[in-house]
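Participant: Sequence first, predicted coordinates after that:
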Amino acid sequence: MIKELLSQLFKKPATSKYPFVKAEVPEGFRGKQVYDANLCISCGLCSRDCPAKAIEMVEVDGKRSPLFHLDLCVFCYQCAESCPRNAIKSSEFFELAAINKSDLVLKPEGNAQKGKCEQQ
Amino acid sequence: MVVNLWLVFRVLVFPGFTSILFFTMFCDWVERKIEARMQNRVGPAFTGPAGILQPFADVVKLLTKEDIVPAGAKRTVFRFAPILSFSFVVFAFCFLPIDGAAVIPNSSFAGDLIFIMALITIANFFLFLSGWASANPYGEIGATRVLTQFLGYDIPLILLALTPAFIAGSLSISAIAANQYLPFALLAPWAFVLFIITLQAELEKDPFDIPHAESEVVGGLETEFCGGKLAFLRLTRDVQIVFGAALVVELFLGGPYGPVFFGLPQFWYFLWFVLKLLAVVVITEYVTCLFARLRIDQVLSANWKVLLPLSVLSLALTVAVATWIYPLMV
Amino acid sequence: MKILLETNKNAGIVALTGLDLGKTIGLMYHMYTNGVIVTVRTEVPKKKPKIQTITDLIPGAQFHEREVADLFGVIFEGHPNPARLVLPDDWPDNLYPLRKDAKIDEALAKNETAPSKAEPTPAQNEGDLVNIIIGPQHPALLEPEKFSLKVDGEIVKQVEPRIGYVHRGIEKAAEQRTYLQDVYLVERICGICNSCHAACFVETVEKILGVEVPLRAQYLRTIILELNRLHSHMLLLGHAGLEIGYETLFQYMWRDREPVMDLTELLTGNRVISSAMTVGGVRRDLQETDVPKIKTRMATLNKKMDFYHKLFENEPSLKMRTQNVGVLSKEDALKLCVVGPVARGSGVAIDVRKDEPYEAYGEIPFNMITRDEGDSWARLIVRLDEVNESINIIDYALDHMPSGPFRIKVPRVVTAGEAVNHVEAPRGELFYYVKSQGTAYPERVKVRTPTFANIPAFIKIAEGGNIADVPPSFVSLDPCFSCTDR
């Protein structure tokens, strides 16, 4: 320990300056869901299998589509696994903190997906 | 009048109150940075260049916070003890020759070493009072631990401080510092090492930071404090650490005196003083990182069974070898 | 029961499962003897649920009986301290949540308007003894649980635990979700040993289904479980450093734990909650390109652990704080039915991985670490050495990874039946009982977590010790309260 302490003085710190230097996540990280409306067949399996009951099926342009409540979501990705058409994919986006719970609802329409937290 | 203005400047600005305050914050930053780097962390990084303004920001933040006095607390003591404790330490600081002379010039007298030791004890006693008055079981336990610890460690500390006094043949700090043509740390290394250890305990730093053991007594005596009072408690602790380091510099490392190359000697004295002090701070921080916190009974028995006899021995040893030491001093 | 104890002195209780059988309440005493679980069944009528306590025979059964009394309303006659254990003090009387006919919503709606019962009595000093309450919020406890200590000066005389502050009713919630959803639910019982919970649950369900998981899936599960153990043990060792004021140890240990977390993220998609297990296998296959990454990191970690081993053996201040602190003798460890590293630190050689190998543990050689000292230091060093064993297990599993499918399809509806299962979680033996009625929803899921079995040991080791010894001896048990309360 005596030596270790002194040698550390001249080494680079192990911690990173996180909010200023972005953290890297490996491929296959279970981040925010990306939903592809074109692939969806409105079967509702994702909603049925969700252990946190975070997926609600809503009517959008005459098509039943999943609405993700990210504030309830536990990011287990069972929905992606249950989906017969692979319409739900993972992303590496994990900075999901928001001031409002309503910011954490992923609506199934095109650009509305982008929550406020994605602004940076 | 001119003289008086000069005195006011010395007491309030340099090297007095303001300098001590900012220098304390600077030392706090050095301490935190060194500790962080030893533990492979970054440490304060975002406030000012390399986070140098972080301690300042902490104090300012605390000062802006709401000030609450708990219902059961003894209000007067609770309110004034932190400030009094802080003032006593700063007052003690004024007797140390920082740039070649004490803060108040010509204020040093024959027994000021004993006097500032007493001041520090009083400051500690006010710390104890502040914890005791906060009407919180954790605060009370923390306060009693402070009391037990400094009562025990004061004795070896004073005994060890007598070693340089004996070699220099004076109880005045200025005289001790001025007489070190060869630093006493080299003449009496045994006393130097023991003094550092005792100081570590007196300043409640790891492995002796039992009054602050948060896993046992939450915040110790600070538990009920917030806002400005907490800021003063923190500052007291930091000033105490700097004061302890300064004491080591004065007693064992030749005080502010060192080679003067050009220009004002005051400038060089101050520079030497700061450099020596930082070295001591680094050493204490290193010891802090090296050990786990001990238990109160272990700390006390270490004091009475080990440090006290050793410090007496050290004094005896110094007396015994004085004949060989004196020729080295000239 | 008595016969069982007479035939084997070392038999202990693993769990006590209550079960609503309509008119009666079934009680299942799961006993552990000679490496196998023996279940003793009995029933009590719901109208008059009374039964003789077994705490006089097995002191370790105290908590189990109190829990069943809370959740099913069974009265254990002769129990030394029949107070509430997991339910809050203002929970309505005569409402036993795990009975199938409990009308919880109704009762709660009524209870919300009613004033809550008096707060637990504040600290009162009795004679010479001072009452110190640790928790529910205290820096030494990272999770909320209350321990009332009666102290005489600096010496602890009596400890009274009160758990249930993070009781989330997961056993009840599991009955209302499908088996598929339950995998993710039980995983969230504990953040640290999440894979162990999931693995134990899916194994139990597989036992009922009677399916055999492909060999590759078994190896993959083993790797994930060992990564789980690695990061759990290192978390605890670092935390122990913090409790004894050794901040540097804490920082270093957590720094070196970080690669393990990154590997978990690489393998499963998340740092902590791995969600890797599923009924019939694992959810992701191992990529060939990841193997060298894992191997190099394990090699560096192995070197670092040698450094820590030397540190634990040599560092004087660390040893002063942990050696001969919180000693649990072998006899007491057996009597209180403690599990995992706590038992192994007291010289009791039990490890489910050895006693009843599951997954790929039967094929992988590794050593069981035991220490005879029984103090906090021994418990910590057992974990330290187990980290090295885990590294070897992962290395071996990677070298001998069989090819083949990593999961098989299983039906969503589970055939009627019941099964018990146990695995060795980082904190000790984790026990599951699942009963199926032939639907997609389980009838009963019983979880006995390792900390639940280890808390009685804390009472034992804290009494007679110093207050300052409470944090280190407590942390050496590696308590996890989310586990305990469920």
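Facilitator: Great, that's in hand. It should be emphasised that the depicted structure is a prediction, and the values quoted were computed from it without experimental measurement. Residues are numbered from 1 along each chain as shown, chains lettered A, B, ... in the order given.

Participant: so B:Val146 sits right up against B:Glu204, yeah?
Facilitator: Yes: contact criterion CB atoms under 8 Å: B:Val146 and B:Glu204 qualify, at 7.1 Å. Just so you know, the C-beta spots here come from the backbone N, C-alpha and C atoms, and that holds for glycine as well.

Participant: overlap in contacts of the two?
Facilitator: Listed as contacting both B:Val146 and B:Glu204 by CB atoms under 8 Å, 6 or more residues apart in numbering or on different chains are B:Pro211.

Participant: what comes up buried for the helix or strand containing C:Arg66?
Facilitator: Taking DSSP states H and E as the criterion, C:Arg66 maps to helix C:62-72. Within helix C:62-72, the residues that qualify as buried by neighbour count (16 or more other CB atoms under 10 Å in any protein chain shown) are C:62-72.

Participant: Can you lay out those residues as a markdown table showing distance to chain B and pLDDT?
Facilitator: As requested, the buried residues of helix C:62-72 are exported to a markdown table (distance: CB to the nearest CB, whole Å; pLDDT from 0 to 100):
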| residue | distance to chain B | pLDDT |
| --- | --- | --- |
| C:Gln62 | 27 | 77 |
| C:Phe63 | 25 | 80 |
| C:His64 | 30 | 80 |
| C:Glu65 | 32 | 81 |
| C:Arg66 | 28 | 81 |
| C:Glu67 | 29 | 81 |
| C:Val68 | 34 | 80 |
| C:Ala69 | 33 | 80 |
| C:Asp70 | 30 | 79 |
| C:Leu71 | 33 | 81 |
| C:Phe72 | 37 | 80 |
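
Participant: nearest to C:Gln181, of these?
Facilitator: Closest approach between the buried residues of helix C:62-72 and C:Gln181, by CB to CB: C:Leu71, at 21.7 Å.

Participant: The closest one is in contact with C:Leu19, isn't it?
Facilitator: No: taking contacts as CB under 8 Å, C:Leu71 lies outside contact range of C:Leu19: 10.9 Å.

Participant: thinking again about what came up before, can you tell me which of the buried residues of helix C:62-72 lies nearest to C:Glu171?
Facilitator: C:Leu71 (7.9 Å).

Participant: Which residue is the nearest non-sequential neighbour of that closest one?
Facilitator: Among residues not flanking C:Leu71 along the chain, C:Leu98 sits closest, at 4.2 Å (CB to CB, 6 or more residues apart in numbering or on different chains).

Participant: what about the one you found, distance to chain B?
Facilitator: Going from C:Leu98 to chain B by CB to the nearest CB, to the nearest Å gives 36 Å.

Participant: Local confidence estimate at A:Lys114?
Facilitator: If you check A:Lys114, the pLDDT there is 43.

Participant: what do you get for the one 5 residues further on?
Facilitator: In the predicted model, A:Gln119 carries a pLDDT score of 36.

Participant: thinking again about what came up before, counting neighbours, what do you get for the residue nearest to C:Leu71?
Facilitator: C:Leu98: 21 surrounding residues under other CB atoms under 10 Å in any protein chain shown.

Participant: tell me which parts of chain A are close to chain C?
Facilitator: Residues of chain A lying near chain C by CB under 8 Å from any CB of the partner chain: A:1, A:4-5, A:14-15, A:25-26, A:28-30, A:49-52, A:74-78, A:81, A:90.

Participant: ok, 7 Å please
Facilitator: Contact residues (CB under 7 Å from any CB of the partner chain) of chain A with chain C: A:1, A:5, A:14, A:25-26, A:28-30, A:49, A:51, A:74-78, A:81.

Participant: Scan these and report the most crowded one.
Facilitator: A:Cys76 leads the residues of chain A next to chain C on contacts (other CB under 10 Å) with 27 neighbours.

Participant: circling back to that earlier point, give me the contacts around the helix holding C:Arg66.
Facilitator: C:13, C:15-16, C:18, C:25, C:53, C:55, C:74-76, C:79, C:82, C:84-87, C:96-99, C:452, C:455-456 (CB atoms under 7 Å, 6 or more residues apart in numbering or on different chains).

Participant: Ok, stretch B:34-52 next?
Facilitator: Contacts for stretch B:34-52 (CB under 7 Å, 6+ apart): A:5, A:8-9, A:11, A:13-15, A:17, B:29, B:32-33, B:53-54, B:57, B:282, B:285, B:288-289, C:247-248, C:251-252, C:255.

Participant: just the buried members of the residues you listed?
Facilitator: Judged by 16+ other CB under 10 Å, buried ones among the contacts of stretch B:34-52: A:5, A:8, A:13-15, B:29, B:32-33, B:53-54, B:282, B:285, B:288-289, C:247-248, C:251-252, C:255.

Participant: Show me what from the stretch 201-330 of chain B comes close to chain A.
Facilitator: B:286, B:289-290.

Participant: which one of the residues you listed is nearest A:Val58?
Facilitator: Nearest to A:Val58 among those is B:Cys289, at 56.8 Å by CB to CB.

Participant: show me what contacts the closest one?
Facilitator: A:5, B:35, B:38-39, C:248.

Participant: what's around C:Gln137, how many residues?
Facilitator: 11.

Participant: The stretch 251-400 of chain C: strands as residue ranges?
Facilitator: Residue ranges of the strands in the stretch 251-400 of chain C, as given by DSSP state E, counting those that start in this stretch, are C:277-278, C:281-282.

Participant: export those to TSV and tack on mean pLDDT and mean neighbour count?
Facilitator: Formatted as TSV, the strands of the stretch 251-400 of chain C follow (pLDDT from 0 to 100; neighbours: other CB atoms under 10 Å in any protein chain shown):
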stretch	mean pLDDT	mean neighbour count
strand C:277-278	84	26
strand C:281-282	83	26
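
Participant: Turn those into TSV, including distance to B:Gln266.
Facilitator: Shown next, in TSV, are the strands of the stretch 251-400 of chain C (distance: least, CB to CB, whole Å):
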stretch	distance to B:Gln266
strand C:277-278	72
strand C:281-282	73
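
Participant: Show the subsequent helix or strand relative to the helix or strand of chain B with the lowest mean pLDDT.
Facilitator: For chain B, using mean pLDDT, DSSP states H and E, the weakest element among its helices and strands is helix B:214-217, scoring a mean of 67. From helix B:214-217 onward toward the C-terminus, using DSSP H and E, the following helix or strand is helix B:227-252.

Participant: I'd assumed C:Glu429 was in a helix, is it?
Facilitator: No: going by DSSP: H, G, I helix; E, B strand; the rest coil, the assignment for C:Glu429 is strand, not a helix.

Participant: OK, contacts around the spatially closest residue to C:Ala276 that is not a sequence neighbour?
Facilitator: Among residues not flanking C:Ala276 along the chain, C:Thr268 sits closest, at 4.2 Å (CB to CB, 6+ apart). With contact set as CB under 7 Å, 6+ apart, C:Thr268 has these partners: C:224, C:274-276, C:284.

Participant: re earlier: would you turn the buried residues of helix C:62-72 into JSON lines with distance to B:Leu171?
Facilitator: Listed next are those as JSON lines, based on distance: CB to CB, whole Å:
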{"residue": "C:Gln62", "distance to B:Leu171": "65"}
{"residue": "C:Phe63", "distance to B:Leu171": "65"}
{"residue": "C:His64", "distance to B:Leu171": "70"}
{"residue": "C:Glu65", "distance to B:Leu171": "71"}
{"residue": "C:Arg66", "distance to B:Leu171": "67"}
{"residue": "C:Glu67", "distance to B:Leu171": "69"}
{"residue": "C:Val68", "distance to B:Leu171": "74"}
{"residue": "C:Ala69", "distance to B:Leu171": "72"}
{"residue": "C:Asp70", "distance to B:Leu171": "70"}
{"residue": "C:Leu71", "distance to B:Leu171": "74"}
{"residue": "C:Phe72", "distance to B:Leu171": "78"}
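
Participant: of those, closest to C:Pro442?
Facilitator: Once CB to CB is applied, the member of the buried residues of helix C:62-72 that ends up nearest C:Pro442 is C:Leu71, at 16.2 Å.
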